[in-house]
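Peer 1: Coordinates only, no sequence provided:
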C-alpha cells in the first residue's frame, strides 16, 4: 500500500495556524498555492527545452546589464500573470526587470509584496542542466505605496520564502518560519506532495561550492578557508572535502540542504558594477531564510544576511550559506583578518617584488 503524502494546501493550513494571525492566514495560503501553480506552469515550459523555442539569449539585458534568456522571460511572464490575478498581492519586483511595480486587482488593497527570481541562472537552460526559481513574500505596510522603498527592508521581515528546482522531478522547497520543507510535484495529479518534512542540513560538512576560477579575486579569509579544505585529511582540517559547482544557485543550495556543506559567493574585486556576491532581495534573503530554518547559518562573512538592509533593489551582498560550523569558521576567519590577527604571509625572498602584489591591493 502506498504511503499517502500530505498535499501542499493541507500542509499550509496547519503551518500557518502557528505562524500568522487568523486574518492573514487565508490570503497567504492562497498566494503560496498560486505560486505553486506558477511553478507547475514553468515546469511545463522548462521540460520542453529547445522544442519550446525558449533556449536562445536575445532577450535583452536585465537591470544589471546581464543577458536574459527567452525562457527566463517566459517564466517571468507566468509569475507576473499570477501576481496580477491574485487580489492579495499589492506589488512585485522581479530580477528579470528589477523594477518595482503595482499589480492589477490587488494593487490598491493588496497585503503582500512578492520578490521573484523567475529562472535563476537561465544561461544553463541551453545545456539541459537543472535550473530553478526563487521567491520571497513580504508584508506591505499599511498605506505604503508600491515603490522601490516598499521592498527595502531586512530579510527578517519575510513571511515566506522558497525555491523550485526543475530537475528529473520538480521540487518546491518552502519555509513560512517553522522549518524548511520539500514538496515533490506529482505530475499525474498536478499536486505538490510533502516528501521532505523538516529538512535539516546534515553534519559534518564535506562539500564545498564556490567558483574556483575567481580565486585570484577573493579576500584572504576565503582563500584561507578554501585552501584548508583543499589540503584535506593531510592538512589542518584533517578531513577530505569535495568541490561541487553547477553555477546555478538553486541547485548548489539544494545539494547542501540534502547532503551538507557550504555555498560561497564571496566578495571579489573584478566586477565593475558591484562587489560580487548575490542580489540581496532576489537571492540572498530568501535562501538565507530557507537555510537558517534548516538549521544552518547565512552570513556575509561579517554579519547575518537577514540583518542587511538594502539601499536599492539591485544591491548585492557577499553570501556564505550552509552548515553552521563551517559558516562560523568563515566568520571567525573574517574577524581575525579584519583585526590584524591573521594576515597573508609575504616572503621577502621568495615572492614577487612589487608594490602591486594581490595582497597589497586588498
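Peer 2: Nice, I can see it. It should be emphasised that the depicted structure is a prediction, and the values quoted were computed from it without experimental measurement. Numbering: from 1, shown residues only.
Peer 1: Need the mean per-residue confidence for the longest helix seen in the chain.
Peer 2: Under DSSP state H, the helix in the chain containing the largest number of residues is helix 22-48. Averaging pLDDT along helix 22-48 yields 91.
Peer 1: and that helix, what does it pack onto?
Peer 2: For helix 22-48, the elements it packs on are helix 8-19, helix 70-85, strand 112-120, strand 131-139, strand 158-166, strand 170-175, strand 180-186, judged by 3 or more C-beta pairs under 8 Å, 6 or more residues apart in numbering; DSSP states H and E. Using the backbone N, CA and C atoms, a C-beta is placed for each residue, glycine as well.
Peer 1: Now do the buried residues in that helix.
Peer 2: 24-25, 27-32, 34-36, 38-43, 45-46 (16 or more other C-beta atoms under 10 Å).
Peer 1: circling back to that earlier point, of all the helices and strands packed on helix 22-48, which lies closest to residue 224?
Peer 2: When the helices and strands packed on helix 22-48 are compared by C-beta to C-beta, strand 112-120 sits nearest residue 224, at 28.9 Å.
Peer 1: Give me the angle between the closest one and strand 158-166.
Peer 2: Interaxial angle of strand 112-120 relative to strand 158-166 (axes from the mean of the first three to the mean of the last three C-alpha atoms, to 10 degrees): 20 degrees.
Peer 1: Partner strands of strand 112-120, with direction?
Peer 2: strand 89-94 (parallel), strand 131-139 (antiparallel) (DSSP bridges).
Peer 1: can the ones you listed go into JSON lines with extra columns for mean pLDDT?
Peer 2: Listed next are the strands paired with strand 112-120 as JSON lines, based on pLDDT from 0 to 100:
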{"stretch": "strand 89-94", "mean pLDDT": "94"}
{"stretch": "strand 131-139", "mean pLDDT": "96"}
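Peer 1: Kindly reformat these as a markdown table containing mean neighbour count and distance to residue 167.
Peer 2: Below are the strands paired with strand 112-120 laid out as a markdown table (neighbours: other C-beta atoms under 10 Å; distance: least, C-beta to C-beta, whole Å):
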| stretch | mean neighbour count | distance to residue 167 |
| --- | --- | --- |
| strand 89-94 | 26 | 23 |
| strand 131-139 | 25 | 9 |
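Peer 1: I'd say residue 221 and residue 337 touch.
Peer 2: Yes: using C-beta atoms under 8 Å, residue 221 makes contact with residue 337 at a distance of 4.7 Å.
Peer 1: Of these two, which one has the most company?
Peer 2: Taking neighbours as other C-beta atoms under 10 Å, residue 221 and residue 337 compare with residue 221 leading, 24 against 20.
Peer 1: that older thread, can you put the strands paired with strand 112-120 in TSV and add distance to residue 103?
Peer 2: Output for those, formatted as TSV (distance: least, C-beta to C-beta, whole Å):
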stretch	distance to residue 103
strand 89-94	5
strand 131-139	13
